[in-house]
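Asks: Give the three-dimensional model of this entry:
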Amino acid sequence: MSADEALKIAVENNLDLVKIAPQAKPPVCKVMDYGKYRFEQAKREKENRKNQHTIDIKEVRLSLNIDTHDFNTKLKNAIKFISKGDKVKVSIRFRGREMGHPEQGYDNMNRFAEACQEVAVIEKPAKLEGRNMLMFLAPKTNK
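Replies: Residues are numbered from 1 along each chain as shown. Next up is the predicted model:
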């Protein structure tokens, strides 16, 4: 039907004439309540945003000569972050003469990764970048 007829029908029913496919020959239109449609669409988008979870990166800082209790505390925090679904960045900052012993940093990182292996996988292995050694852990996916 012509656009004038469709517009007349829409006005009689207190509705809107909405172009669905304006590129088509002839253009495709629909008679609907556009305000209600926009409201429902916004409601669906809000529901989708509420259900989605963003993954944060939490950081746990170790030191080169960390003691057992401090290590266990950092480990417990990292496991708590991972169980919430966040990724964990484990870092060691080398100060002064500690730069001469990177193997001790690798040992600490490997010990930390082994302790977390039940709930996490190593996303990026330990790597020395300048004065910092970094390692990334991600939650295990249950498939």
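Asks: what element comes up after the lengthiest strand in the chain heading to the C-terminus?
Replies: Taking DSSP state E as the criterion, the chain has its longest strand at strand 120-129. Downstream of strand 120-129, the first helix or strand assigned by DSSP states H and E is strand 132-139.
Asks: and for that following strand, what are the contacting residues?
Replies: Strand 132-139 has contacts (CB atoms under 8 Å, 6 or more residues apart in numbering) with 57, 78, 82-83, 85-94, 102, 105-106, 109, 112-113, 116, 119-127. Glycine gets a C-beta too; all of them are placed from N, C-alpha and C.
Asks: For burial, what's the neighbour tally of Glu59?
Replies: Glu59: 12 surrounding residues under other CB atoms under 10 Å.
Asks: hmm, I was thinking of Glu98
Replies: Neighbourhood size, Glu98 [other CB under 10 Å]: 16.
Asks: same deal with the one 10 residues further on?
Replies: If you count neighbours by other CB under 10 Å, Asn108 ends up with 21.
Asks: Would you check that it makes contact with Ile92?
Replies: Yes: with contacts counted by CB atoms under 8 Å, Asn108 reaches Ile92, the gap being 6.4 Å.
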